[in-house]
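Novice: Build me a model:
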Amino acid sequence: MTTLLHKDRIAAVESVLNSGTARSVLDLGCGDGDFFLRMAARPDITRLVGIEIDTGAVTRLEARLRAQGSTAGAEVRTGSVLSPDPQLAGFDCAVMIEVIEHLDPSHLSQLERALFHVLRPRRIILTTPNAEFNPLLGVPTHRFRHPGHRFEWTRARFRDWAQRVALRGRAGVSFADIGGVHPDLGGASQMAVFHTG
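Specialist: As a prediction, the model looks like this:
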């Protein structure tokens, strides 16, 4: 079941895509494919590749893709966002919706290399939970929102990381809050958009 917050994340990412001329999209960590299927239905997206490490999720998404029909140019691959196929370099946009927090923090430099040195898309869109918002969701301070999360960052910590990554990757970066924005705590999720070209 897709939550309202997840729909907000997808809408925020799609809004960024609509502000540009992306024709090719990489959905890194595409899961069961809510965002992927939305992109597959768009005639302006001519190439769409989803990468997911969970083989069960890939199987489910492939079935959903077949059921949707008319999805030329869309494919799903089993793989890791940390070691992507170099043949996927040069897409207009790479998207990671609520994925980085599932990675071990020691692998973030590997992710940075994958995005900025191997894949080199013109735009990279990342969303991740905002830890400051957790009390409003009833999440106790001693745990994360999801058992699969390896970390959850405050807005300041996320922005610091993203700005350092942008500097090393010679990219511009902008930020936005997503979902139920609180005047002091920000949104339930947060987004960074890197512009590399």
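Novice: Phi, psi for the spatially most central residue of the chain please.
Specialist: For the chain, the residue sitting closest to the mean C-alpha position, by Cα atoms, centre = their mean, is M96 at 1.4 Å. With angles defined as degrees, to the nearest 10, M96 shows backbone torsions of phi -130, psi 100.
Novice: contacting residues for it?
Specialist: Contact partners of M96, counting by Cβ atoms under 8 Å, 6 or more residues apart in numbering, are L28, G29, V81, I124, I125, L126, T127. Placement of C-beta: from N, CA and C, glycine included.
Novice: Who does the fifth one form a beta bridge with?
Specialist: Yep, that's I125 we're talking about. Note on I125: beta-bridge partners V95, V193, judged by DSSP bridges.
Novice: Might one say that it is in contact with E98?
Specialist: No. With contact defined as Cβ atoms under 8 Å, I125 does not reach E98; the gap is 11.6 Å.
Novice: what ranges do the helices span in the protein?
Specialist: Chain-ordered helices for the chain, with DSSP state H as the definition, fall at 4-18, 34-40, 55-68, 108-113, 155-168.
Novice: In this protein, where is pLDDT below threshold?
Specialist: For the chain, the stretches with pLDDT under 70 are 1-2, 70-71.
Novice: now with 90?
Specialist: 1-6, 19-21, 32, 68-73, 135-142, 145, 147, 180-182, 197 (pLDDT under 90).
Novice: returning to that earlier point: more neighbours, I125 and E98?
Specialist: I125 (22 against 19; other Cβ atoms under 10 Å).
Novice: are any of the contacts of M96 buried, and which?
Specialist: Using 16 or more other Cβ atoms under 10 Å as the burial test, those include L28, G29, V81, I124, I125, L126, T127 as buried.
Novice: and which of the residues you listed is nearest A22?
Specialist: Of all these, the one sitting nearest A22 is I125; the distance, using Cβ to Cβ, is 9.8 Å.
Novice: And the closest one, how far from T196?
Specialist: I125 sits at a distance of 12 Å from T196 (criterion: Cβ to Cβ, to the nearest Å).
Novice: Turn the buried ones among the contacts of M96 into CSV, including distance to N18.
Specialist: Formatted as CSV, the entries for these read as follows, by distance: Cβ to Cβ, whole Å:
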residue, distance to N18
L28, 20
G29, 22
V81, 24
I124, 16
I125, 12
L126, 18
T127, 16
